[in-house]
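Engineer: prediction below, plus the sequence it came from.
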Amino acid sequence: MIPSSGRQAATVLIETEDAIVTSTPESLSNAADLVSRIKPRSVAVILPARNEAEQIGATIKALFEQTKLPRRIIVVVNNCTDGGATADMARSFRDVEVFEMTNNPFLKAGALNEGVRVLAASDELPEFILTMDADTIPDPDFLENTVNVLDSRPEVGGVSTVCDGKKNLGETRFGKALALVQQLEYARAGFTRLRVNIHTMSGAGSMIRMRAVLDVLGSRGVLFAERADNLVEDFEATLEIKRMGWTCINNYYCHVQTDLMTTVPELMKQRVRWVHGTINELRRRGWQEETWHSIVTMWYAYISMPIYYLWVVLLGIQAVYGHPTLWGFWFIGFVMFFQALSVQRLGWRMMLLAATLVPEILFALIRHAWIIVSFVKSYTMLHHPKSAIQSKPTW
């Protein structure tokens, strides 16, 4: 069944230290009227940007070189401290709409919502909204492929990108090696990721159907939750879209290039924010139709860690003491083959590198570190303002 938009009046949640205040924005008070203003197959792009003067130009240029052009490109300059350089770069492109937010307490979520408000106030609405990071580079056929997917699947509320890591990043040898391992990680994730009922639509780039957006607006007034502790606005919005009855999917032919971290502290900061925010959101919502798969996946990640190290130790013992078994050879061979196959998009050199298993084993140490740190942060209630906890965690 396809969800219907405009089921109830929109309500904005405004959090204060002591209470949550509700109000109804005029532009969203008649969702049925908004549905009638949707222009079929049209796309609007919302780019939140903070201090992205060096990269946003390449992103906008890539959007203007799409095989299907967007109808509107909205750049929301968010709490910039670069003296207006980001806004000036965005304005240097003709037909790009630039809006500046100088005191935005809700950061990326607030900037994305500002873009949605701009669209909702327009005479015509796009059928699809692409939310994308200002340093993301979409493949030339990204918009065309994504729109075709949504056109053919009316039950789908959103399509997530498949992210490829940008190449030739890093100034030091270690930085280049770390970026290389992340390229393998992203390629493998794109190859193995579930295509239906996905965990989250990527913040790097996701196409959302306007009717799904209107359903969420009708439920709570904003597409992205404006909370002080909302660390993963893309994941939270994905859960809300699912709660409205829509399906969220991933398509292997919808690719973008995303930025990579070139130092361990940067990588840890990024991934701890992602995983910590995910755990917080799952605990807040509890076991629901839209959350159970993510909860099971999260617990699997924790349970599999000791199994992983046990496997490495057993392999080491076999190698040192010379007692290899036939099943061991077959298993290692299968793992090497799968590691190579999963990154075939990157070419044969990267396939050979992945087959050695060395990058995966070393990167697993960092991955397990950010998973453990995120778990501890969430369950010791670090970085949780009082007003942000709306219900008692259920797991």
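Structural biologist: Happy to help now that I have it.

Engineer: list the buried ones in stretch 80-99?
Structural biologist: For stretch 80-99, the neighbour count (16 or more other C-beta atoms under 10 Å) marks Cys80, Ala85, Thr86, Ala87, Met89, Ala90, Phe93, Val96, Val98, Phe99 as buried. The C-beta positions use only the backbone N, C-alpha and C, and glycine is treated the same way.

Engineer: now tell me what touches that stretch from outside.
Structural biologist: Residues from elsewhere that reach stretch 80-99 (C-beta atoms under 8 Å, 6 or more residues apart in numbering): 47, 49-53, 56-57, 60-61, 64, 72-77, 100, 102, 114-115, 118, 134.

Engineer: return a ChimeraX selection command for the buried portion of those.
Structural biologist: Buried residues within the contacts of stretch 80-99, by 16+ other C-beta under 10 Å, are selected in ChimeraX with:
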select :47,49,50,51,52,53,56,57,60,72,73,74,75,76,77,100,114,115,118,134
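
Engineer: narrow the contacts of stretch 80-99 to those in helices?
Structural biologist: Ile56, Gly57, Ile60, Lys61, Phe64, Glu114, Gly115, Val118 (DSSP state H).

Engineer: now do the SS call for the residue nearest the centre of the chain.
Structural biologist: Centroid-nearest residue in the chain: Ser202, 2.2 Å away (criterion: C-alpha atoms, centre = their mean). Here Ser202 is recorded as coil under DSSP: H, G, I helix; E, B strand; the rest coil.

Engineer: so how far is Thr81 from it?
Structural biologist: Distance, Ser202 to Thr81, using C-beta to C-beta, to the nearest Å: 26 Å.

Engineer: just the helices in the stretch 251-395 of the chain please.
Structural biologist: Using DSSP state H, counting those that start in this stretch, the helices of the stretch 251-395 of the chain run over residues 264-285, 292-321, 326-341, 348-355, 358-379.

Engineer: tell me the pLDDT of the closest residue to Met132 other than its chain neighbours.
Structural biologist: Closest residue to Met132 apart from its sequence neighbours, by C-beta to C-beta, 6 or more residues apart in numbering: Gly205 at 4.2 Å. Predicted confidence (pLDDT) for Gly205: 96.

Engineer: how about Gly57?
Structural biologist: The predicted local confidence for Gly57 is 98.

Engineer: spell out the secondary structure type for the residue nearest to it when sequence neighbours are not counted.
Structural biologist: Spatial nearest neighbour of Gly57, excluding adjacent residues (C-beta to C-beta, 6+ apart): Met89 at 5.2 Å. Secondary structure for Met89, judged by three-state DSSP, is helix.

Engineer: about what we covered before: so the residue nearest to the centre of the chain versus Val162, what's the distance?
Structural biologist: Distance from Ser202 to Val162, by C-beta to C-beta: 8 Å.

Engineer: could you do Val313 as well?
Structural biologist: Distance from Val313 to Val162, by C-beta to C-beta: 34 Å.

Engineer: could you check which of these two is surrounded by more residues?
Structural biologist: Val162 (24 against 10; other C-beta atoms under 10 Å).

Engineer: partner residues bridging the more buried one?
Structural biologist: Note on Val162: beta-bridge partners by DSSP bridges are His255.

Engineer: please tell me I have it right and it contacts Thr258.
Structural biologist: No: counting by C-beta atoms under 8 Å, Thr258 is not a contact partner of Val162; they are 10.1 Å apart.

Engineer: just the strands in the stretch 51-200 of the chain please.
Structural biologist: Taking DSSP state E, counting those that start in this stretch as the criterion, the stretch 51-200 of the chain carries its strands at 72-78, 96-101, 125-132, 137-138, 156-165.

Engineer: including mean pLDDT and distance to Pro265, could those go into CSV?
Structural biologist: As requested, these are exported to CSV (pLDDT from 0 to 100; distance: least, C-beta to C-beta, whole Å):
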stretch, mean pLDDT, distance to Pro265
strand 72-78, 97, 23
strand 96-101, 97, 28
strand 125-132, 98, 26
strand 137-138, 98, 25
strand 156-165, 95, 18
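
Engineer: any chance of those strands in CSV with distance to Asn197 as columns?
Structural biologist: What follows is these, written out as CSV (distance: least, C-beta to C-beta, whole Å):
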stretch, distance to Asn197
strand 72-78, 30
strand 96-101, 34
strand 125-132, 20
strand 137-138, 24
strand 156-165, 11
